[in-house]
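J.: Would you be able to build a 3D model of this:
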Amino acid sequence: MGDPRRAIPRTDAVLAEPRVAKAAGTLGRDLVKAVVTDVQRAARNGEIAPGDVVDAVLARLPAGAASLRPVVNATGVVVHTNLGRAPLSAAALDALVAAGGATDVEFDLATGERARRGRGALAALAAAVPDAGGVHVVNNNAAALLLCALALAPGREIVVSRGELVEIGDGFRIPDLLAATGARLREVGTTNRTSVRDYADALGADTGFVLKVHPSNYRVTGFTSEAALGELAGLGVPVVADIGSGLLAPHPLLPAEPDATTALRAGATVVTASGDKLLGGPQAGLLLGDADLVERLRRHPAARALRVDKLTLAALEATLRGPRPPVRAALDTPVESLRQRARALARSLADVGAEAVSSVAAVGGGGAPGVELPSAAVSLPARYAAALRTGEPAVVGRVERDRCLLDLRTVRPEEDAKLLEAVRRCG
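T.: Predicted coordinates for the structure are as follows:
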């Protein structure tokens with residue numbers, strides 16, 4: 001008998017196979033060729049039959065050129081940082097596709113001349129917050145705060161309460177960010193109580209601005225007090241309000257969450273916020289406030305390094321102008337609607353021990369700490385958690401009391417069929 005390895009198809013023959021060739025057109029020839037080489041090596045080692053090489057190649061190819069996998073968020077955390085924060089609306093996704101090629105992002109088609117970059121997104125943001133005299137967009141909220149420090153307090157003092165020197169995810173600390181700009185922090189008050197007098201006593205010729213930070217991912221309760229924005233606005237120096245979560249106007253379910261409109265009306269000079277949290281858009285840092293100061297921020301040399309690309313601008317404009325984004329829909333969905341869906345899914349999965357249960361969801365993303373959102377979930381045996389995470393489609397729930405909960409507050413109705421299919425595959 002001849003050597004069976006001679007039956008292993010050549011690389012060019014595998015690459016020419018129609019299904020493999022089609023994959024190469026999507027994923028790139030180099031990536032596909034590398035997979036072919038690995039499969040051939042496995043065939044030479046006797047791990048794969050020569051006749052199964054093409055099927056093995058197709059099975060090992062990724063679904064797309066990028067390694068990121070779509071995930072069904074069934075955690076009950078509406079803005080889940082580890083899952084990419086806000087899911088984009090259909091309008092924003094369409095805008096991303098439209099912006100993928102050449103666009104008029106910085107060009108006036110009518111005059112044939114250069115135009116203000118991202119003017120459509122900026123106009124939409126200005127329309128959403130009429131109280132802002134000027135608006136600007138950078139690549140995230142940390143960048144917005146960084147730009148304020150660079151432009152308004154180079155070598156000067158930023159006055160901030162000790163109770164607002166916050167740390168967020170992955171060890172990121174606001175004091176470190178501000179100190180890196182060359183500004184000096186002037187800490188006032190205590191961790192639990194800071195008065196307007198504390199700020200006033202700290203002001204001087206070296207004051208760049210007063211910083212008011214919303215402690216978005218924790219709460220201080222008990223014997224506490226803080227100075228209101230209106231009080232700080234009367235001190236005669238610029239007040240930068242970092243509201244964090246990107247709420248542009250008050251929301252009835254989140255009465256304690258600061259919003260840009262209220263902050264500006266209270267006297268904040270500049271408000272900074274995130275675009276990919278409660279706004280429900282792409283990652284971006286929003287700057288809203290006094291027209292002259294915002295223009296000063298926009299013209300600062302560092303603004304070029306912090307600017308957003310055309311894809312972000314397109315998705316942001318579509319989020320602001322388009323229909324209600326998924327984050328807002330998740331917040332606004334009546335709990336009875338969630339219960340009905342949970343009961344329907346549980347009936348379809350009764351044979352695997354599924355139950356419809358009440359649940360408690362959260363805003364997440366550092367927004368509205370402590371706020372509990374009534375919800376409903378499909379409860380499964382705990383063993384399903386790992387299987388669902390690694391399945392196709394990937395579904396991420398949470399484990400409580402030895403049960404895997406699939407919280408429907410963060411699952412869009414059109415994803416129910418995917419959820420059902422994913423559980424069936426794990427059964």
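J.: list the buried ones in the helix or strand where E336 lies?
T.: For E336, the host element (DSSP states H and E) is helix 335-348. Neighbour counts over helix 335-348 (16 or more other C-beta atoms under 10 Å) mark 335, 338-339, 341-342, 345-346, 348 as buried. Bear in mind the C-beta positions are built from the backbone N, C-alpha and C, glycine included.
J.: what's the weakest-modelled helix or strand in the chain?
T.: helix 174-179 (a mean of 88; mean pLDDT, DSSP states H and E).
J.: Residues in contact with that helix: which ones?
T.: The contact list for helix 174-179 (C-beta atoms under 8 Å, 6 or more residues apart in numbering) reads 142, 145-146, 149, 158, 165-168, 185, 211, 213, 242.
J.: switch the cut-off to 10 Å
T.: Identification of contacts with helix 174-179 by C-beta atoms under 10 Å, 6 or more residues apart in numbering yields 142-143, 145-146, 148-150, 153, 158, 160, 164-168, 173, 183-185, 187, 211, 213, 242.
J.: From V294, how far out is N141?
T.: 15 Å (C-beta to C-beta, to the nearest Å).
J.: Pick out whichever of these two has more residues nearby.
T.: N141 (27 against 19; other C-beta atoms under 10 Å).
J.: Touching, the more buried one and V240? I think so.
T.: No - in this structure N141 lies outside contact range of V240 using C-beta atoms under 10 Å: 11.8 Å.
J.: Pull up the overlap in contacts between these two.
T.: Joint contacts of N141 and V240 (C-beta under 10 Å, 6+ apart) are 272, 287.
J.: if we can go back for a sec, would you mind checking the contacts of helix 174-179 for buried ones?
T.: Buried among the contacts of helix 174-179 by 16+ other C-beta under 10 Å: 142-143, 145-146, 148-150, 153, 158, 160, 164-166, 168, 183, 185, 187, 211, 213, 242.
J.: So which of those belong to helices?
T.: 142-143, 145-146, 148-150 (DSSP state H).
J.: for those residues, which one is nearest N192?
T.: Taking C-beta to C-beta as the measure, N192 sits nearest to L145 out of those, at 23.3 Å.
J.: Spit out the contact partners of that closest one.
T.: So L145 contacts 138, 158, 174, 177-178, 181, 211, 213, 240, 242, 270, 272, 285, 287 (C-beta under 10 Å, 6+ apart).
J.: rewinding a little: go through the least confident helix or strand of the chain and flag the buried ones.
T.: In helix 174-179, counting by 16+ other C-beta under 10 Å, buried: 174, 178.
J.: Any idea how far it is from the middle of the chain?
T.: Taking C-alpha atoms, centre = their mean, to the nearest Å, one finds helix 174-179 lying 22 Å from the centre of the chain it belongs to.
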